[in-house]
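1. Pasting the sequence and the predicted coordinates here, then a few questions.
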Amino acid sequence: MRWHELKAELLAIGSCRLTGADASGYIESSAAGPGAGGEGSVFFSMDGKRIRLSISPDSPVEIRHDGDGHVHLSFGKIDATGILEQPALHCPRQAYITVSGNCIFSCKYCPVPLNKGRVKTPDEIVGMIESVINRIDSISITSGVIGSIEDDEKRVINVLERIKGLDIPVGVSIYPGPETPDRLYSEGVSEVKFNLETATSALFEEMCPGLSWDAIIMSLDRSVALFGRGNVFSNVILGLGETDEEMEACIRLLTGRGVIPVIRPLTPAAAVASYKRPSPERLLRIAAIHWDALKNAGLDTGEARTMCTYCTGCDIVPGRDCE
C-alpha cells in the first residue's frame, strides 16, 4: 500500500489508541483546528511523511510505542512501522500558535467557541517561540476572533512586530478584513491562509452565519497579487454535504486564482458532530482532482514554507504525499 492510500485509510478514522511505553513527550494538545479541546494527538511518521491522529481509547487504530519514539501502527490488515515525531508548538518543525483561543463567531463545524480559550500576550508568544527556536523551520500564527475582526488583526500585528527580527518564514491565517492582506504584507509575512471553509457559497452561508464567502475570495485575490501565486492558501472542509462536483469546482476556482487549496477532512464536532468523516475512497478521489488542478495551474505544494501545507499532518497534500 502506497503512503497516500494508507493515509486516506487513517484520515477516514482520524484517531488512534496509544499503547505501550510512555509517550507523553510526543503528545500535542490543540487550541484550534482538528481535535481542538480533545485528549491530544500524535504525529505518526514513516519514510519522511506524516499524519496527525487524535488520541481516543475507542479508536480501531492502535499505535504501540516501543520506546524512544519507535512505534508499530496496526489497523485491520494494516501493519506499519514508523516513529512518533515530537511537536515543537502544535506540530513538528513549526511554532504554530493560536493568539485568541476563543471566537465570537459560531461556525457550525468549529469547537473553538465552546472551549472558552484565552488571549495570549505578545510577551507570552515570544517566549513560546524562543523555547523551541532550535527545533523549528517556521512560525505560523492563527487566531479566533474576539471583540471584532479588526481587534483580532491588531493583536496579530502586535505579535508580528515583536518577531520581525527573526530570520525565519512566518505564515498567518486569520479571518481577513478588507485591508488585512496589505497589512500582513507590510509586516513581512511570507505566506497567508484565508479559509473559504466550504465548497459552495450556499454551504458557507449555512455553516458560517455572519461571515462572507465573497469577502474571503476578494482577500485571496488581493493576497495573490501581493504575495505571489503559490504563497496563498485556503482551507476547504471535505464532508459538510458538498458533492464531488462542487468540491472540484471549488478546487479549480482556487487554483485558477493562484491559491493552493488545503482540503481538510471533516472532524465531526460542535453542531456537525453527527456527520461522518469522508471515506478513504472519497479522500483519494478528491486528492486526484486536487493534484490535477495544481499541476494545470502550475502550483507546487513542495514550495510551501509555513502552516498546514508545510506540515501535511491533517490532509492529503498532492505533491508531498502523492504524485
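-> Received, thanks.

2. Skipping its backbone neighbours, what lies nearest Arg252 in space?
-> Ala293 (5.1 Å; CB to CB, 6 or more residues apart in numbering). C-beta here means a position set from N, CA and C on the backbone, and glycine is covered the same way.

3. Relative to Val159, how far out is that neighbour?
-> Using CB to CB, to the nearest Å, one obtains 33 Å as the distance from Ala293 to Val159.

4. neighbour-wise, which of the two wins?
-> Val159 (25 against 21; other CB atoms under 10 Å).

5. list the contacts for the more buried one?
-> Neighbour list for Val159: Val99, Pro122, Ile125, Val126, Ile141 [criterion: CB atoms under 8 Å, 6 or more residues apart in numbering].

6. Model confidence for the second one, exactly?
-> What it means is Pro122. For Pro122, the pLDDT comes out at 96.

7. count of neighbours near it?
-> Residues lying near Pro122 (other CB under 10 Å) number 17.

8. Please apply the same query to the first one.
-> Burial measure for Val99: 24 neighbouring residues, criterion other CB under 10 Å.

9. right, and Tyr175 touches Gly210 too?
-> No - counting by CB atoms under 8 Å, Tyr175 stays clear of Gly210, with 10.6 Å between them.

10. between the two, what contacts are shared?
-> Phe105.

11. the more surrounded of the two?
-> Tyr175 (22 against 9).

12. Any idea how many residues pack against the nearest residue to Gly25 once chain neighbours are set aside?
-> What sits nearest to Gly25 in space, not counting adjacent residues and going by CB to CB, 6+ apart, is Gln86, at 6.4 Å. A total of 15 residues lie near Gln86 under the criterion other CB under 10 Å.

13. repeat for Pro87
-> 27.

14. and it, what helix or strand is that in?
-> Here Pro87 sits in a region with no helix or strand, counting by DSSP states H and E.

15. Give me the pLDDT value at it.
-> 97.

16. Would you list the phi and psi of it?
-> For Pro87, the backbone dihedrals (degrees, to the nearest 10) come out as phi -70, psi 150.

17. in a strand, that's where Arg277 is, yeah?
-> No - if the criterion is DSSP: H, G, I helix; E, B strand; the rest coil, then Arg277 is coil and not within a strand.

18. so what's it up against?
-> Leu11, Ala12, Ile13, Gly14, Gly239, Pro265, Leu266, Thr267, Pro268.

19. among those, which are in helices?
-> Leu11, Ala12, Ile13 (DSSP state H).

20. Redo the residues you listed as JSON lines? Include neighbour count.
-> JSON lines is the format used below for the ones in helices among the contacts of Arg277 (neighbours: other CB atoms under 10 Å):
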{"residue": "Leu11", "neighbour count": "25"}
{"residue": "Ala12", "neighbour count": "16"}
{"residue": "Ile13", "neighbour count": "16"}
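
21. Now the phi/psi pair for the closest residue to Ser143 other than its chain neighbours, please.
-> Spatial nearest neighbour of Ser143, excluding adjacent residues (CB to CB, 6+ apart): Val99 at 3.9 Å. With angles defined as degrees, to the nearest 10, Val99 sits at phi -70, psi -60.
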